[in-house]
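Asker: I'd like to go over a predicted model; first the sequence, then the structure.
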Amino acid sequence: MKRTDYFLYGLVIFGWSTSWLPLKGQIGIVDPEVSILWRFIIAAAICFCISKVLKLNLRFPIKIHLKMALMGFFMFSTNFTLFYYASENLASGLLAVVFSMASMVNILMVAILTRSKPNYSQLLASAIGLIGITLIFIPELKVSDLALKSLILCVVGTFSFCSGNLVSGSLQKQTIPVMSANSWGMVYGCIVLSLYAIILDHPFKISFDTSYLTGLLWLSIFSTVLTFGCYLTLLGRIGPGRVGYATVVFPIFALLISTLFENYIWTTSAVLGITLVIFGNLIMAKAN
């Protein structure tokens, strides 16, 4: 990895580490898919403005738009909707913990689709990290009866996110700029979110509460435009396995934030789990 890659990697960890608490703060005020809709309307508008300023191409053939629509379905709507609903019964840091499975899922999905052997160093790093994540999460399953339902939603959401990763990687191989693809992907994601709201008969309302609007802007600008731009750029540069490991690292910081604001209680297994995550990260950083 180059120095710029490490910088982008750090921004991804910062952006997503700080996203889970404001995400949870959106719950119970406006229906999840509607909150996400407002989030991506703002983010898409910013992405289009950035694309215009950078003079990026925004006109593409139908085949490319179909891929962008697929990315919008997997990454910019369904993934988020499932995690927002799961957040009703889990601490924000634990949402990030489950999402960390993206590291291993990315590697396995690429290996299956390309019929190639995975990088065993990356796979080992992910396995060690996920064992650590499991140790962190086990106490929550024992405490809450609803944790399993939320866990299933998060797992499906993670697979949806990784599917979007593959589509984004395919678009980058066709030299489609990340910001251009994100702009249109978010537009299609907004269409899907609108359909979800209509099907569920949820009103298109918004809260003007200061905390809600502050969280919405943070999620739209920093956690979406900035972080997704950095993440998908890294996806094209260093591959899904190595960039996916960012999803194993940022739960550590998300749990620290959850400790400060949600009284998350650390256990012996959680400390051991964090140690394994750090060890796995060192292996992943050295993997080719």
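Answerer: Here it is on my side, so go on.
Asker: what residues are up against residue 157?
Answerer: Residues near residue 157 by Cβ atoms under 8 Å, 6 or more residues apart in numbering: 78-83, 86, 99. Glycine gets a C-beta too; all of them are placed from N, C-alpha and C.
Asker: what's the answer for residue 64, then?
Answerer: 171, 174, 176.
Asker: From residue 194, how far out is it?
Answerer: For residue 64, the distance to residue 194 (Cβ to Cβ, to the nearest Å) stands at 22 Å.
Asker: Helices along the stretch 151-288 of the chain, start to end?
Answerer: Assigned by DSSP state H, counting those that start in this stretch, the helices in the stretch 151-288 of the chain fall at 178-199, 210-220, 227-238, 240-244, 246-262, 268-286.
Asker: Of those, which stretch is the most buried?
Answerer: Mean neighbours per residue, mean count of other Cβ atoms under 10 Å, is largest over these for helix 240-244, with a mean of 25.
Asker: quick one on the thing from earlier: looking at the helices of the stretch 151-288 of the chain, which is nearest to residue 138?
Answerer: For these, the distance to residue 138 is smallest for helix 268-286, at 6.1 Å, taking Cβ to Cβ.
Asker: Mind listing residues that contact the closest one?
Answerer: Contacts of helix 268-286 (Cβ under 8 Å, 6+ apart): 1, 103, 121-122, 124-129, 131-136, 138-139, 241-242, 245, 248-249, 251-252, 255.
Asker: One more pass at 6 Å, please.
Answerer: 125, 128-129, 131-132, 135-136, 245, 248-249, 252 (Cβ atoms under 6 Å, 6 or more residues apart in numbering).
Asker: could I have that helix exported to CSV, CA atoms only?
Answerer: What follows is helix 268-286, C-alpha atoms only, in CSV (Å, rounded to 0.1, in the frame of the first residue of the first chain):
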residue,chain,number,x,y,z
THR,A,268,-12.8,-10.4,29.3
SER,A,269,-13.9,-12.0,26.0
ALA,A,270,-14.3,-8.5,24.5
VAL,A,271,-10.7,-7.6,25.5
LEU,A,272,-9.4,-10.9,24.0
GLY,A,273,-11.5,-10.2,20.9
ILE,A,274,-9.9,-6.8,20.4
THR,A,275,-6.5,-8.3,20.7
LEU,A,276,-7.2,-10.8,18.0
VAL,A,277,-8.6,-8.1,15.7
ILE,A,278,-5.4,-6.1,16.1
PHE,A,279,-3.3,-9.2,15.4
GLY,A,280,-5.3,-10.0,12.3
ASN,A,281,-4.9,-6.5,11.1
LEU,A,282,-1.1,-6.8,11.2
ILE,A,283,-1.3,-9.9,9.1
MET,A,284,-3.6,-8.3,6.6
ALA,A,285,-1.4,-5.2,6.3
LYS,A,286,1.6,-7.4,5.2
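Asker: Report the rounded mean pLDDT for it.
Answerer: In this model, helix 268-286 has a mean pLDDT of 78.
Asker: I'd like the distance from it to the chain centre, please.
Answerer: Remark: helix 268-286 is offset 20 Å from the chain centroid, using Cα atoms, centre = their mean, to the nearest Å.
Asker: between it and helix 246-262, how big is the angle?
Answerer: 150 degrees (axes from the mean of the first three to the mean of the last three Cα atoms, to 10 degrees).
Asker: Below-threshold pLDDT in the stretch 1-150 of the chain: ranges please.
Answerer: 1, 91-93, 140-145 (pLDDT under 70).
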